[in-house]
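Asker: Next comes the sequence, and after it the predicted model I'd like to discuss.
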Amino acid sequence: MRSFLRGVWRVISFPFWLIFTILAFPFRQIARFVRFLNTEPEEHPLGDVVTGLVTDKTMREFLWSEIDSFRKHLLRAVLAVVIAVGITFVYTVPVMEFLAAPIGGLTNLQAIQVTEEVGAYMKIALSLGITVAFPYIIFEMWWFAAPGLRPRERKFGLLAIPFATLLYVAGMVFAYVILIPPALNLLGGFTEISQKWTAKEYFDFVNGLIFWMGISFEFPLVIYVLTAIGFVKPKFLAQQWRLAIVIIAVLAAAITPTVDPINMSLVMGPLTLLYFISIGLSYLALAGRRQPEFEPEIEERE
């Protein structure tokens, strides 16, 4: 009889239990996420990790688990890009029209190779998908690194995701509005030769410049975050500015699709400015990092 009544009670209470579980699920997940943000990580000194890889089986298993975790995060990021490309596929032609606006539209381009038009279309679709999925890609990177970060560092990294997206978009807008029009006018009017660019060359130039300028605009934020968590010192960045300019010149030469110094200078100038902005942000991050360290001393004196 008791088991019968217990079964009846389970049947009666099941809908209420189900409703409560569904309503409580988001709150439990939020509480779990808050605990994760405030949990101190396990300390694994680099020297002990390197030594343990040779002598400790547990450390090797830990390394393989981290590699497997990275693979899962990377797979989810790639899947997000694939989904984003599929969603934005129908908007690719309007975006190509928008990118071709500085030269009067797609009708002013030509395709010499049979697959050139399709290739240009797929490249723009891929870039558009990466742009749409960019916040999630950054989130996956943070999610992978978060277990090894301290609570303050985790929160800094999480707050940096929207700013990283804004900087990426700002870099793309800067390239399209500031860099591309004068570059096309200068290159197109360099001599009296009539210009009839192919779709492949034009979109490789425009798409590559926009994408890499978007990535380059992430540099100040990356430096700020790395300084805030103690990996980078602003004094070192300020002392090595000459070496940084040489590296920027190499990067500018790699970013620009052409080998002429004009396009290289158009990319190198903003990158150099971003580097010096990064030094200033690094000093700000260092000041913010030192402030909590002095607060206990002030309280003790009082």
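Answerer: Good, I have the coordinates.
Asker: Tell me if residue 235 really is in a helix.
Answerer: Yes - judged by DSSP: H, G, I helix; E, B strand; the rest coil, residue 235 forms part of a helix.
Asker: give me the number of residues near it?
Answerer: A total of 12 residues lie near residue 235 under the criterion other Cβ atoms under 10 Å. Bear in mind the C-beta positions are built from the backbone N, C-alpha and C, glycine included.
Asker: For the stretch 51-200 of the chain, just list every one of the helices.
Answerer: 57-88, 92-99, 116-145, 151-174, 180-188, 199-216 (DSSP state H, counting those that start in this stretch).
Asker: Tell me which other helices or strands the fifth one touches.
Answerer: If contacts are counted by 3 or more Cβ pairs under 8 Å, 6 or more residues apart in numbering; DSSP states H and E, helix 180-188 sits against helix 199-216, helix 261-301.
Asker: Tell me where the model's unsure across this protein.
Answerer: Low-confidence segments of the chain, defined by pLDDT under 70: 1, 4, 41-57, 59-60, 62, 190, 229, 256-260, 262-263, 288-302.
Asker: how about 50 then?
Answerer: Low-confidence segments of the chain (pLDDT under 50): 46, 292-302.
Asker: quick one on the thing from earlier: wait, which of the helices and strands packed on helix 180-188 is closest to residue 31?
Answerer: Nearest to residue 31, of all the helices and strands packed on helix 180-188, is helix 261-301, at 25.4 Å by Cβ to Cβ.
Asker: give the contact list for the residue nearest to residue 129 when sequence neighbours are not counted.
Answerer: Nearest non-adjacent residue to residue 129, counting by Cβ to Cβ, 6 or more residues apart in numbering: residue 85, 3.2 Å away. Listed by Cβ atoms under 8 Å, 6 or more residues apart in numbering, the contact set of residue 85 reads 125, 126, 128, 129.
Asker: and with 10 Å instead?
Answerer: With contact set as Cβ atoms under 10 Å, 6 or more residues apart in numbering, residue 85 has these partners: 92, 122, 125, 126, 127, 128, 129, 130, 132, 133.
Asker: Those residues, buried ones only, as a ChimeraX selection?
Answerer: Only the buried entries of the contacts of residue 85 go into this ChimeraX selection, using 16 or more other Cβ atoms under 10 Å:
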select :92,125,126,127,128,129,130,132,133
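Asker: can I get the contacts of residue 85 in CSV with distance to residue 211?
Answerer: Rendered in CSV, the data for these read as follows (distance: Cβ to Cβ, whole Å):
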residue, distance to residue 211
92, 15
122, 14
125, 13
126, 10
127, 6
128, 11
129, 12
130, 8
132, 13
133, 14
